[in-house]
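Chemist: can't give you the sequence, but here's the structure:
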């Protein structure tokens, strides 16, 4: 068959138009934060904002540069990161193991879930005084706080993720000859993974929050210590810079998890992929 | 209707009972399926058709009675029940043991006409395609028996006709026996060698379907059987 007229191209103009409109919009969204930054800088320079209360953004940047250059930033960063990492590993492992036991076994559900449900109501940051008595004011306190903070979101999301798995899929796997362990691996684990990722993101958020509080108690290193020490010498620029580091750490970890999530859960985008 | 010696039967169910609370759904049902025989199981809604099939598939631990099914059997449910996180070919190869599971899975997919869709995610398939993958997943296990629980009930009329023809072709080639749970009298008469009606927890009626294959709704004798089955199912045709 031959066509005399070229086929109408309906698909192409629309995405092009969308792309044209999306680029400037994204740039527009940068305008107000940048304007605020400029206003802040101007207010600080003209003395409208007292220098001992709010430092100029340029001063914060310079301070950050100085701390990075003399190496102290990295020392504190490594210290904070390792606390968060160890605490998250302990709290996360416990959370996933206990949630799996509670969600998969009736006995586990009866034994594990009630106390966890009760403990959930305790604000874990309110436990600081008790934790100081129990584990002291050293590294154990910081790590315990992070572990406690990250435990609950991961526990509840893992539990819900396993419970939400479609029983019909488990049955289908059974008729394919999969034994209990294979069903766990091929059906339960991948089925619970979206909830697990959500739990992990929330757990990491809770971990940073716990760290901020924990590092204000008798720390000798860490971003929190950096800020506490700076407060004593009224170095507001260091305090603000420490806050920014915390924010950047939170943002970075969340982005990494989301990238991992997007790669692992490619099947969820199946509909859009075609 | 052919008869088989007891030892040659593919499926043998004696005195199958199952109740949910006070409701007795299966009350001593007896059933046999011969080698290569296609048996349709009909019954009203809630008559226990699916309960019986689930018991045969080993999915109901609380059903009592004697059940003999072959070691190799496949199940196709009304919904495709593919694992959304596995690509089509891995869904078909799920739990396969022996040499080259992926090669065998691909061969099964090719047989249902989806040899080129192995790399797709289940969410990318149409309803009919997904159901064909489910058939391939059952077929790849080289079953002596296929248990089909209203396998085409959720499909549109045209796709259903194609699927029925596909099943007929596959059965001719592979010679498996099948128990087909359906509420569609025409489907039962097109595919089955024997139609059973489940009522009151037992097999209440057994109707051999001896029409020559391939069958069509216009065949002489089809209308009479259809009327008889519908009548037995409580829908008398004037």
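Modeler: Perfect, I can see it now. The structure displayed is predicted, hence computed values, not measured ones.

Chemist: Which one of the residues in chain B is closest to chain A?
Modeler: Nearest residue of chain B to chain A: residue B:121, at 3.3 Å (CB to the nearest CB). For glycine as for every other residue, the C-beta is placed from the backbone atoms N, C-alpha and C.

Chemist: So that residue sits against residue A:265, correct?
Modeler: No: assessed by CB atoms under 8 Å, residue B:121 is found out of contact with residue A:265, at 10.9 Å.

Chemist: Using the record's assignment, carve chain B into domains.
Modeler: B:1-72+B:147-233, B:83-142 (automatic domain parsing).

Chemist: So for the first one, mean pLDDT?
Modeler: Think domain B:1-72+B:147-233. Domain B:1-72+B:147-233 comes out with an average pLDDT of 90.

Chemist: Pull the residues that contact the biggest helix by length in chain B.
Modeler: Using DSSP state H to define each element, chain B has its longest helix at helix B:157-174. Here helix B:157-174 makes contact (CB atoms under 8 Å, 6 or more residues apart in numbering or on different chains) with B:36, B:38, B:111-113, B:127-128, B:131-132, B:135, B:139, B:142, B:148, B:151-152, B:155, B:176, B:178, B:187, B:190-191, B:213-214.

Chemist: sec struct for the residue positioned nearest the centre of chain B, please.
Modeler: What sits nearest the mean C-alpha location of chain B, by CA atoms, centre = their mean, is residue B:148, with 2.1 Å. The three-state label given to residue B:148 by DSSP: H, G, I helix; E, B strand; the rest coil is strand.

Chemist: Spit out the contact partners of it.
Modeler: Residue B:148 touches B:75, B:76, B:167, B:178, B:179, B:180, B:181, B:182, counting by CB under 8 Å, 6+ apart.

Chemist: Might you report the residue contacts of the residue in the stretch 1-150 of chain A that chain B sits nearest to?
Modeler: Nearest residue of the stretch 1-150 of chain A to chain B: residue A:106, at 14.6 Å (CB to the nearest CB). Counting by CB under 8 Å, 6+ apart, residue A:106 touches no other residue.

Chemist: my hunch is that residue B:143 is in a strand, does that hold up?
Modeler: No: counting by three-state DSSP, residue B:143 is not part of a strand but coil.

Chemist: ok, how many other residues are close to it?
Modeler: Neighbours of residue B:143 under the rule other CB atoms under 10 Å in any protein chain shown: 19.

Chemist: Skipping its backbone neighbours, what lies nearest it in space?
Modeler: Once flanking residues are discounted, residue B:143 sits nearest to residue B:74: 4.1 Å by CB to CB, 6 or more residues apart in numbering or on different chains.

Chemist: Just the element for that neighbour, please.
Modeler: strand B:73-76 (DSSP states H and E).

Chemist: Show the subsequent helix or strand relative to the longest helix of chain B.
Modeler: Going down the chain from helix B:157-174, the next helix or strand is strand B:177-181, by DSSP H and E.

Chemist: and the next helix or strand after that following strand, what other elements does it pack with?
Modeler: Proceeding N to C from strand B:177-181, the next assigned helix or strand is helix B:185-191, under DSSP H and E. Contact here means 3 or more CB pairs under 8 Å, 6 or more residues apart in numbering or on different chains; DSSP states H and E; on that basis helix B:185-191 packs against strand B:38-42, helix B:157-174, strand B:177-181, helix B:222-232.

Chemist: run the last query once more with 6 Å
Modeler: Packing contacts for helix B:185-191, counted by 3 or more CB pairs under 6 Å, 6 or more residues apart in numbering or on different chains; DSSP states H and E, involve strand B:38-42, helix B:222-232.

Chemist: Only the buried residues of stretch B:45-55, if you could.
Modeler: Buried residues in stretch B:45-55, counted by 16 or more other CB atoms under 10 Å in any protein chain shown: B:47, B:48, B:49, B:50, B:51, B:52, B:53, B:54, B:55.

Chemist: Just give me how far stretch A:254-265 sits from the chain centre.
Modeler: Stretch A:254-265 sits 11 Å away from the centroid of its parent chain (CA atoms, centre = their mean, to the nearest Å).

Chemist: Spell out which parts of the stretch 51-200 of chain A neighbour chain B.
Modeler: Within the stretch 51-200 of chain A, the positions lying close to chain B (CB under 6 Å from any CB of the partner chain) are A:168, A:169, A:171, A:172, A:175, A:176, A:177, A:178, A:190.

Chemist: If we use 10 Å, what do you get?
Modeler: Residues of the stretch 51-200 of chain A that fall close to chain B, judged by CB under 10 Å from any CB of the partner chain: A:166, A:168-179, A:182-183, A:186-187, A:189-191, A:193-194.

Chemist: ChimeraX command for the buried members of those?
Modeler: Burial among these is assessed by 16+ other CB under 10 Å; the matching ChimeraX selection reads:
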select /A:169,170,171,172,173,174,175,176,177,178,183,186,187,189,190,191,193,194
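
Chemist: so of the residues of the stretch 51-200 of chain A next to chain B, which ones are in helices?
Modeler: A:168-175, A:182-183, A:189-191, A:193-194.

Chemist: Nearest to residue A:157 among those?
Modeler: residue A:194 (9.2 Å; CB to CB).

Chemist: How about the contacts made by the residue nearest to the closest one when sequence neighbours are not counted?
Modeler: For residue A:194, ignoring the flanking residues on the chain, the nearest one in space by CB to CB, 6+ apart is residue A:265 at 6.0 Å. If you count contacts by CB atoms under 10 Å, 6 or more residues apart in numbering or on different chains, residue A:265 has them with A:190, A:193, A:194, A:197, B:85.

Chemist: Between all of the residues you listed, which two are at the greatest distance?
Modeler: Counting by CB to CB, the most remote pair of these is A:197 and B:85, 12.8 Å apart.

Chemist: what about stretch A:198-213, distance to the chain center?
Modeler: Relative to its chain's centre, stretch A:198-213 lies at 6 Å (CA atoms, centre = their mean).

Chemist: Check stretch A:244-259 too.
Modeler: Counting by CA atoms, centre = their mean, stretch A:244-259 is centred 6 Å from the centre of its parent chain.

Chemist: ditto for stretch B:193-209
Modeler: Using CA atoms, centre = their mean, the offset of stretch B:193-209 from its chain centre is 15 Å.

Chemist: So is stretch B:87-101 next to chain A?
Modeler: Yes: with CB under 10 Å from any CB as the criterion, chain A is reached by stretch B:87-101 at B:87, B:90, B:91, B:92, B:93, B:94, B:95, B:96, B:97.

Chemist: quick revisit: what is in contact with residue B:121 and residue A:265 at once?
Modeler: residue B:85.

Chemist: what's the helix or strand for residue A:63?
Modeler: helix A:57-69.

Chemist: which secondary structure elements does the helix or strand following that helix contact?
Modeler: Once helix A:57-69 ends, the next helix or strand along the chain (criterion: DSSP H and E) is helix A:72-104. If you count contacts as 3 or more CB pairs under 10 Å, 6 or more residues apart in numbering or on different chains; DSSP states H and E, helix A:72-104 packs onto helix A:57-69, helix A:106-120, helix A:139-163, helix A:189-214, helix A:223-232, helix A:236-264.

Chemist: switch the cut-off to 7 Å
Modeler: Judged by 3 or more CB pairs under 7 Å, 6 or more residues apart in numbering or on different chains; DSSP states H and E, helix A:72-104 is in contact with helix A:106-120, helix A:139-163, helix A:189-214, helix A:223-232.
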